[in-house]
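Novice: Build the 3D model from these lines:
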Amino acid sequence: MRTVTISLSDQLAKWYLDYGIAQSALNKLLAILQPRFPLLPCDARTLVRTPRHIETKLFDSGEYIHLTLNDGVQRALQSNCIADDNEILLQFNTDGLPLFKSSNVQFLPILCLITQPCLTDPFVVGLFSGKTKPPGCFLNDFVTELQQLMCTGMFINDHHVCVKSHSFVCDAPARALIKCTKLHSGYSSCDRCDQHGEWCGKVVFESTAGAPRTDESFRYQTDDGHHLLNTVSPLTE
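Specialist: Numbers count the residues shown, from 1 in each chain. The predicted structure is shown next:
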């Protein structure tokens with residue numbers, strides 16, 4: 001098995017990110033090390049390859065930055081020994097993150113966790129910021145890249161690996177957001193079957209007589225009360 005050699009720059013960058021080191025402290029350390037290791041950069045931003053310009057997509061409710069799934073997986077697995085044609089399984093999550101008590105601005109990140117090989121630290125794939133929830137189409141860049149990686153795979157440490165989606169793990173409001181369906185308080189909100197709820201001070205489902213939902217019925221929106229009007233989830237791709 002080939003041993004993967006990690007450069008001093010990459011080791012310092014990982015240490016800096018893993019432990020939340022202050023940028024000013026890393027700059028001081030680089031100033032000390034740089035005379036002995038002239039290949040090291042002089043600034044923390046160069047070390048961690050901070051981009052000078054980041055393309056954002058604007059929506060009526062906010063803006064979105066796509067940080068790319070490929071780069072996140074590469075960073076997470078750069079120190080792993082992976083054989084050719086191994087599979088990596090990816091799990092995804094998204095949820096709102098309020099920032100301030102005095103403002104309704106919030107972040108909504110798309111997070112990825114590698115479940116095979118089993119890692120414990122998720123990373124950010126994309127980040128939406130706005131005063132209201134984003135439209136479902138904010139997932140378009142993420143879905144397009146995931147499709148590409150699942151189709152062609154990727155190279156990690158010169159080894160080709162297959163990429164598969166393991167699961168999406170979200171709470172009820174986030175699940176409705178990415179599926180473009182009615183919230184869990186709606187009359188046709190049940191994810192499992194097409195049972196119509198009844199109002200008893202709140203929406204309740206008293207019967208279990210509904211027909212189970214299927215991939216086909218979801219894709220063709222046979223229960224139009226379950227889906228947002230004129231909206232199709234990018235995840236159907």
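Novice: all strands in this protein, in order from the N-terminus.
Specialist: 56-59, 62-66, 87-94, 97-98, 106-116, 123-130, 154-156, 159-168, 198-199, 203-204 (DSSP state E).
Novice: Mind checking these for the one nearest to residue 146?
Specialist: strand 159-168 (6.5 Å; Cβ to Cβ). Just so you know, the C-beta spots here come from the backbone N, C-alpha and C atoms, and that holds for glycine as well.
Novice: Strand partners (parallel or antiparallel) of the closest one?
Specialist: Take DSSP bridges as the rule and strand 159-168 pairs in its sheet with strand 87-94 (parallel), strand 154-156 (antiparallel).
Novice: ok, residue 181 - contacts?
Specialist: 175, 189, 191, 226-228, 233 (Cβ atoms under 8 Å, 6 or more residues apart in numbering).
Novice: Check which helices and strands the helix-or-strand element of the chain with minimal mean pLDDT sits against.
Specialist: The helix or strand with the lowest mean pLDDT-type score in the chain, counting by mean pLDDT, DSSP states H and E, is strand 97-98 (a mean of 84). Here strand 97-98 touches strand 106-116, going by 3 or more Cβ pairs under 8 Å, 6 or more residues apart in numbering; DSSP states H and E.
Novice: ok now the lengthiest helix in the chain, how far from the chain's centre?
Specialist: Counting residues, the longest helix found in the chain (DSSP state H) is helix 140-152. Relative to its chain's centre, helix 140-152 lies at 12 Å (Cα atoms, centre = their mean, to the nearest Å).
Novice: Identify the residues contacting that helix?
Specialist: Looking at what lies outside helix 140-152 - Cβ under 8 Å, 6+ apart - the contacts are 57, 64, 66, 68-70, 90, 110, 125-126, 163-165, 234-235, 237.
Novice: would you turn the strands paired with strand 159-168 into CSV with mean neighbour count and distance to residue 215?
Specialist: CSV is the format used below for the strands paired with strand 159-168 (neighbours: other Cβ atoms under 10 Å; distance: least, Cβ to Cβ, whole Å):
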stretch, mean neighbour count, distance to residue 215
strand 87-94, 19, 18
strand 154-156, 17, 27
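Novice: Turn those into JSON lines, including mean pLDDT.
Specialist: What follows is these, written out as JSON lines (pLDDT from 0 to 100):
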{"stretch": "strand 87-94", "mean pLDDT": "95"}
{"stretch": "strand 154-156", "mean pLDDT": "90"}
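Novice: Figure out which of the ones you listed is closest to residue 29.
Specialist: For residue 29, the closest of these is strand 154-156, at 28.5 Å, according to Cβ to Cβ.
Novice: For that closest one, which outside residues touch it?
Specialist: The contact list for strand 154-156, computed with Cβ under 8 Å, 6+ apart, reads 70, 73-74, 77-78, 80, 82, 160-161, 163.
Novice: mind showing which ranges of this structure have poor pLDDT?
Specialist: Low-confidence segments of the chain (pLDDT under 70): 1-4.
Novice: out of the contacts of residue 181, which are buried?
Specialist: Burial by neighbour count, judged by 16 or more other Cβ atoms under 10 Å, picks out 175, 189, 226-228, 233 from the contacts of residue 181.
Novice: Those: which two are farthest apart?
Specialist: 189 and 233, at 14.8 Å, using Cβ to Cβ across the buried ones among the contacts of residue 181.
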